[in-house]
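Engineer: model this:
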Amino acid sequence: MTLLDTPARPLISLITVTWNCAASLPQTLISVAAVKALLGDSVEYLVVDGASTDGTLALISACADVDRYVSEPDDGIYNAMNKAIVMARGNYVLFINGDDELVPDGYPAAAETLRQARPPVLCCVTVVDALDRPGEVLAAAPRRLPFFNTVPHPSTFVRSDLMRRYRFREDLRIAADYDLFLRLYLEGHAFAMSSAVTALHHRGGESSNSALSAAEVERVKRERLGWRYPLIRLIHGAYRLVKRAGERL
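Structural biologist: You can find the predicted model right below:
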């Protein structure tokens, strides 16, 4: 049994949330066009813009591969992402930042897994900086979610009904994707794994604020793990001690 792909109900809703990113958005749009050329009506592309003033909206409105878009003030990135979830018609949702890129070569394999296995969540691979000389390769490790933020969102497809049920927390600035994945994991939704490389991430933006990111991740763990949180902190602390001892040898 496979998922039904039609223009009214595509397999994947690709979504970009933008605000004043005219300098980097063209590379994102080019990569989306390449994926749509491969998968056709199986993919729709949505953009939610936060009333940009730098030419971003002109790029969006001129791009034939943007199926639907909205530009209006919002209350932050996760508020915009939640708007997009309501707009999405696909069976699966994937968010790609306006300064990142899709990797088209990995998409046929990812789409086949989504159609045939129908996992709640499919984790593919994100490469950092460059495909030919990656600064880092980010492969998801869902079992480590209680300890670390180990699921890269640019290469993670989530079933749209789950996205509508859970949504992103709008009281967080950086770690709401971690909060979402941790909730899904703790509530028993399966994470399928794929070695397909589907995203290229360029460092920078709000997520590069490491201090705020670490603080929000700890807050999420404390709130979501409850009585398990002190035990997780103890294990994590022991892990860091062992790691540091190994680095000194």
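Engineer: now the helices for the chain?
Structural biologist: Ranges of helices in the chain, per DSSP state H, are 25-39, 56-62, 77-87, 107-117, 160-166, 176-186, 210-225, 229-248.
Engineer: Okay, buried residues for the fifth one please.
Structural biologist: Same thing as helix 160-166. Judged by neighbour count (16 or more other C-beta atoms under 10 Å), helix 160-166 contains these buried residues: Ser160, Leu162, Met163, Tyr166. Heads up, the C-betas are built off the backbone N, CA and C, glycines and all.
Engineer: Please name every helix or strand in contact with it.
Structural biologist: Other elements packing on helix 160-166 under the criterion 3 or more C-beta pairs under 8 Å, 6 or more residues apart in numbering; DSSP states H and E are helix 77-87, strand 92-95, helix 176-186.
Engineer: How about the third one?
Structural biologist: Under the contact definition 3+ C-beta pairs under 8 Å, 6+ apart, helix 77-87 sits against strand 12-18, strand 43-49, strand 68-71, strand 92-95, helix 160-166.
Engineer: ok, 7 Å please
Structural biologist: Helix 77-87 is packed against strand 12-18, strand 43-49, with contacts defined by 3 or more C-beta pairs under 7 Å, 6 or more residues apart in numbering; DSSP states H and E.
Engineer: Now Ile30: closest residue in space, sequence neighbours ignored.
Structural biologist: Distances taken as C-beta to C-beta, 6 or more residues apart in numbering put Glu101 closest to Ile30, at 7.7 Å, once the chain neighbours are dropped.
Engineer: Output the helices and strands packed on helix 77-87 as TSV; include the columns mean neighbour count, distance to Asp75 and mean pLDDT.
Structural biologist: TSV is the format used below for the helices and strands packed on helix 77-87 (neighbours: other C-beta atoms under 10 Å; distance: least, C-beta to C-beta, whole Å; pLDDT from 0 to 100):
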stretch	mean neighbour count	distance to Asp75	mean pLDDT
strand 12-18	25	12	98
strand 43-49	25	12	98
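Engineer: Relative to Thr156, which of those is closest?
Structural biologist: Closest approach to Thr156 among the helices and strands packed on helix 77-87 (C-beta to C-beta): strand 12-18, 12.0 Å.
Engineer: Who does Val70 form a beta bridge with?
Structural biologist: With DSSP bridges as the criterion, Val70 is bridged to Val48.
Engineer: if I look at it, how far off is Leu180?
Structural biologist: Going from Val70 to Leu180 by C-beta to C-beta, to the nearest Å gives 22 Å.
Engineer: more crowded one of the two?
Structural biologist: Shown here are Val70 and Leu180; by other C-beta atoms under 10 Å, Leu180 has more neighbours (24 against 16).
Engineer: what's near enough to touch the more buried one?
Structural biologist: Listed by C-beta atoms under 7 Å, 6 or more residues apart in numbering, the contact set of Leu180 reads Tyr166, Phe168.
Engineer: Leaving out chain neighbours, which residue sits closest to Trp19?
Structural biologist: According to C-beta to C-beta, 6+ apart, the nearest residue to Trp19 is Gly50 (3.9 Å).
Engineer: gap between that neighbour and Ser210?
Structural biologist: Taken as C-beta to C-beta, the span from Gly50 to Ser210 is 24 Å.
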